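J.: What would the 3D arrangement of this be:
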Amino acid sequence: MAERIEAENLRQIERLNQRGGRTLSCIDLIAAGTFSLEIAGLCAAAIARGASMLTGAVPGGAGKTTLMASLLGFLAPGRPIATVESADDLSTSCADNEAVYLVHEIGSGPWYGYLWGPAVADYMALARGPGSIATCLHADTVDETLGILSSPPLGARPQDLDHIGLMLFINRSGGHHRVTTACVPAAGGGHGRLFEWDRWSGSHLRVGGEDVLSPLCELLNTSRAELAELSDGMEKLLGDLLVSEVNRYEDVRQAFVESGLK
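T.: Predicted coordinates for the structure are as follows:
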């Protein structure tokens with residue numbers, strides 16, 4: 001059963017590959033400077049603990065789908081990915097299923113895995129659990145994201161969006177794909193910045209203290225100490241893979257599964 005879920009998950013992730021060639025892994029993105037080892041470690045830990053995720057970028061080709069796919073490699077073993085192909089897939093049974101509900105993009109069009117209209121509100125409500133969601137959107141900021149998702153014809157409820165554990169925004173500049181901001185739930189609702197790209201130093205800087213992670217920990221039903229320990233473990237695993245030049249998606253996934261990190 002577990003092997004069948006793993007194989008099907010990899011097939012679903014492969015369908016996210018819009019660029020051709022092999023599916024890029026988290027190690028590929030770290031090596032390219034898309035995000036730092038610290039950001040990757042925290043995001044991997046959050047995904048492993050069941051966080052929902054949204055990646056955003058206004059321009060096409062910025063890398064939002066690639067970023068999302070890379071982090072889906074850290075789903076807890078045994079958690080299936082269920083691609084939402086249409087509003088018909090959003091049955092009442094979804095609310096009791098611990099699957100990761102994947103929408104390739106919140107957008108209009110006849111393409112596989114796209115979702116638009118009032119069904120988006122039902123989809124966003126799945127972030128409340130017990131499952132989670134993973135999706136992309138043409139937006140560069142939290143405010144733009146909220147504006148698009150909460151306005152007609154979508155009408156998602158802001159309190160449902162508060163259950164999205166990670167919002168990551170990415171852009172392309174000078175031939176480089178960079179995560180511009182990494183955001184987590186904020187106390188009192190909404191999302192606040194945890195990391196941001198600083199073009200003056202040419203690096204990702206942490207702009208939120210440890211207390212900023214408290215709402216995320218509450219969402220994941222874990223303590224800050226437990227999340228920090230898992231993040232450190234993920235960061236070490238990724239660092240070792242980076243040094244060893246192990247970057248194939250399947251190999252990175254297997255290394256995580258065999259590490260026992262959870």
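
J.: just how off-centre is the helix or strand harbouring residue 7 within its chain?
T.: Remark: residue 7 resides in helix 2-14, with elements defined by DSSP states H and E. The chain centre lies 17 Å from the centre of helix 2-14; the measure is C-alpha atoms, centre = their mean, to the nearest Å.

J.: For the next helix or strand after it, which helices and strands make contact with it?
T.: Counting by DSSP H and E, the next helix or strand C-terminal to helix 2-14 is helix 26-31. Applying 3 or more C-beta pairs under 8 Å, 6 or more residues apart in numbering; DSSP states H and E, we find helix 26-31 packed against helix 37-48, helix 64-71, helix 224-244. Placement of C-beta: from N, CA and C, glycine included.

J.: List of residues touching the second one?
T.: This means helix 64-71. Helix 64-71 is contacted from outside by 13, 16-19, 23-26, 28-29, 34-35, 43-44, 47, 53, 55-57, 104-105, 134-137, 166, 168, 170, 177, 179, 249, using C-beta atoms under 8 Å, 6 or more residues apart in numbering.

J.: Could you identify the buried members of these?
T.: 13, 16, 23-26, 28-29, 34-35, 43-44, 47, 53, 55-57, 104-105, 134-137, 166, 168, 170, 177, 179, 249 (16 or more other C-beta atoms under 10 Å).

J.: So what sits opposite the closest residue to residue 106 other than its chain neighbours in the bridge?
T.: Leaving aside its sequence neighbours, residue 106 sits nearest to residue 137 (C-beta to C-beta, 6 or more residues apart in numbering; 4.7 Å). Counting by DSSP bridges, residue 137 is bridged to residue 56.

J.: Now do the contacts for residue 137.
T.: Applying C-beta under 8 Å, 6+ apart, the residues near residue 137 are 54, 55, 56, 64, 105, 106, 107, 145, 148, 149.

J.: roughly how far apart are it and residue 240?
T.: When C-beta to C-beta, to the nearest Å is the yardstick, residue 137 and residue 240 sit 33 Å from each other.

J.: now do residue 185
T.: Residue 185 is 30 Å from residue 240, by C-beta to C-beta.

J.: mind exporting stretch 97-109 as PDB, just the C-alpha atoms?
T.: In PDB, the C-alpha atoms belonging to stretch 97-109 read as follows (Å, rounded to 0.1, in the frame of the first residue of the first chain):
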ATOM      1  CA  ASN A  97      -9.700  12.600   4.200                       C
ATOM      2  CA  GLU A  98      -6.000  13.200   5.200                       C
ATOM      3  CA  ALA A  99      -4.900  13.500   1.500                       C
ATOM      4  CA  VAL A 100      -3.000  16.500   0.200                       C
ATOM      5  CA  TYR A 101      -5.400  18.100  -2.300                       C
ATOM      6  CA  LEU A 102      -3.400  19.500  -5.200                       C
ATOM      7  CA  VAL A 103      -4.600  22.200  -7.600                       C
ATOM      8  CA  HIS A 104      -2.000  23.000 -10.300                       C
ATOM      9  CA  GLU A 105      -3.200  26.600 -10.400                       C
ATOM     10  CA  ILE A 106      -6.100  28.800  -9.100                       C
ATOM     11  CA  GLY A 107      -7.000  30.100 -12.500                       C
ATOM     12  CA  SER A 108      -9.500  30.000 -15.300                       C
ATOM     13  CA  GLY A 109      -9.000  27.800 -18.300                       C
END
